[in-house]
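# what shape does this take:
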Amino acid sequence: MTVHFIGAGPGAPDLITVRGLRLIERCPVCLYAGSLVPKEVVASAPGGARVIDTSVLTLDEIIAELEAAHRLGHDVARVHSGDPSIYGAIAEQMRRLDQLGIPYEVTPGVPAFAAAAAALKQELTIPELNQTVILTRTSMKSSGMPEGEDLATLGRSGATLVIHLSIRNLAHIEGELTPLYGADCPVIVAYRVGWPDEQFVRGTLSDITEKVREAKLARTAMIFVGRGLAPENFRDSALYHKDHVHALRGG
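As a prediction, the model looks like this:
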């Protein structure tokens, strides 16, 4: 018996990996985060499977379901949104499973920030403009940010920031980042990426708060901040340059 933590991708049912889909198709127990994972993603569970929406369960109740499956020798598809390594709350579940001696594996998924970049037709690393992407969040109702990971510190890098779980904290983001990136720095708010009501709001640090308020977005969104979001006159990468020699393309 194995518990399979599976990244379902950002929302669109066809963005799950083939491996993740095959696991859901064969596991007799399926637990999924219904507030973030569409039912269509787990619709391929086998007939008669125990399919449970965990959005209303506590950690103890989730672990109890995994223990019950373990006693019966039933594999479990534990389906999380996006990629479970990013704000997936799987570490606490794996810690409990380690204590209980229950085996588990992790199948990655398409992270929401990558799906957003694809929908926007946006490369996040632009030659000589920005080569670093930082995934972060701000302190709100969830756990606090560790020392040194505040926006004022991270923003000094000039990297493209992808700020999760912070759509209600835009005023704070504007105040922290404007001195570092400039009031005219491009910002994109990506709402419910991969879902039918997906929406993108473009602006700058000076006006994005008002634009998001007008769009009435209040949850399930990421905030992209960085000069590379609206690049101009950037150089071509060296990868395909005619003078660039590498092992597969001689001089």
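# could you pull up the residues touching the closest residue to Gly109 other than its chain neighbours?
Leaving aside its chain neighbours, Gly109 sits nearest to Gly7 (1.9 Å; criterion: C-beta to C-beta, 6 or more residues apart in numbering). Bear in mind the C-beta positions are built from the backbone N, C-alpha and C, glycine included. By C-beta atoms under 8 Å, 6 or more residues apart in numbering, Gly7 lies in contact with 16-17, 20, 80-85, 88, 107-111.
# could you pull out the helices for this protein?
Counting by DSSP state H, one finds helices in the chain at the ranges 18-26, 39-42, 59-72, 91-100, 112-120, 151-154, 170-181, 208-215.
# can you dump the C-alpha atoms of the third one in PDB for me?
Translated: helix 59-72. Presented in PDB, the C-alpha positions along helix 59-72 are these (Å, rounded to 0.1, in the frame of the first residue of the first chain):
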ATOM      1  CA  LEU A  59      -5.300  17.100   9.400                       C
ATOM      2  CA  ASP A  60      -6.200  14.500  12.000                       C
ATOM      3  CA  GLU A  61      -9.300  13.400  10.000                       C
ATOM      4  CA  ILE A  62      -7.200  13.200   6.800                       C
ATOM      5  CA  ILE A  63      -4.600  11.100   8.500                       C
ATOM      6  CA  ALA A  64      -7.300   8.800   9.900                       C
ATOM      7  CA  GLU A  65      -8.500   8.200   6.300                       C
ATOM      8  CA  LEU A  66      -5.000   7.300   5.200                       C
ATOM      9  CA  GLU A  67      -4.600   5.000   8.200                       C
ATOM     10  CA  ALA A  68      -7.800   3.200   7.400                       C
ATOM     11  CA  ALA A  69      -6.700   2.700   3.800                       C
ATOM     12  CA  HIS A  70      -3.400   1.400   5.000                       C
ATOM     13  CA  ARG A  71      -5.100  -1.200   7.200                       C
ATOM     14  CA  LEU A  72      -7.100  -2.400   4.200                       C
END
